[in-house]
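Q: My questions concern the predicted model and sequence given below.
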Amino acid sequence: MNGNLFLDAESLYVELLKGVRSMLTPGTRLVGITSGGAWLAARLHKDLGLDGEAGSISSAMHRDDFAQRGLADGGQTKLPFEINGAHLIVLDDVLYTGRTIRAVLNELFDYGRPASVKLAVLVDRGGRELPVQADFAAARVALPASQSLALAKTESGEFNFSVKA
């Protein structure tokens, strides 16, 4: 069954904007996980008036299910700034098991050693399999394990969610 989950992604984005703004320190860099997190990072970067550009990071090469998923993750890592010593905020659309975050941290450390890494997500749906926790979540929802929650972006740049069984 496909459908729209009653979560207003644009309202949650406003909450995420406030949360990320409160986490910023001078020189903080934003890094979005492909693809939903990268969309969020790019829009936040613009709305916060930050210098340079946001980075994007793929979890594909470090996933423990790489054999099943392959490179279908939808993007490559692009970090247009120095990672060593940087203060980073990693952004993702939906936090679930924690496996994507583990893979992203491995990918990130392939590029250097940041001074700090914080995690901000649009939605935390629980169901953790690894000890990973967001520093900021705009919303927390509970869904059965049989359902997935996905962020979508319209041509005009607006966000919405879909839930799939």
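A: Nice, thanks for sending it over. Values in this document were obtained by computation on a predicted structure and should not be read as measured data.
Q: Only C-alpha atoms from now on, for both contacts and neighbour counts.
A: Will do.
Q: for the helix or strand where Ala139 lies, which positions count as buried?
A: For Ala139, the element it lies in under DSSP states H and E is strand 136-140. The neighbour-count check on strand 136-140 (16 or more other CA atoms under 10 Å) flags 136-139 as buried.
Q: Can you give me every residue that contacts the residue positioned nearest the centre of the chain?
A: Nearest to the geometric centre of the chain sits Asp92, at 1.2 Å (CA atoms, centre = their mean). Listed by CA atoms under 8 Å, 6 or more residues apart in numbering, the contact set of Asp92 reads 32-33, 36-38, 40, 119-122.
Q: Which members of these occur in helices, if any?
A: By the criterion of DSSP state H, membership of the contacts of Asp92 in helices covers 36-38, 40.
Q: Show me which of those residues has the smallest pLDDT value.
A: Note: of those, the lowest pLDDT belongs to Gly36, at 93.
Q: so where's this structure uncertain?
A: Residues of the chain meeting the criterion pLDDT under 70: 1-5, 65-74.
Q: coming back round to it: go through the ones in helices among the contacts of Asp92 and give me the one with the most neighbours.
A: Counting neighbours by other CA atoms under 10 Å, Leu40 leads the ones in helices among the contacts of Asp92 with 27 neighbours.
Q: Let me see the contact set for that residue.
A: 32, 91-93.
Q: Swap in 10 Å and give it another go.
A: 13, 16-17, 30-34, 54, 91-93, 121-122, 151, 153, 159 (CA atoms under 10 Å, 6 or more residues apart in numbering).
Q: Buried subset of the residues you listed, written for ChimeraX?
A: Those of those that count as buried under 16+ other CA under 10 Å are selected in ChimeraX with:
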select :13,16,17,30,31,32,33,34,54,91,92,93,121,122,151,159
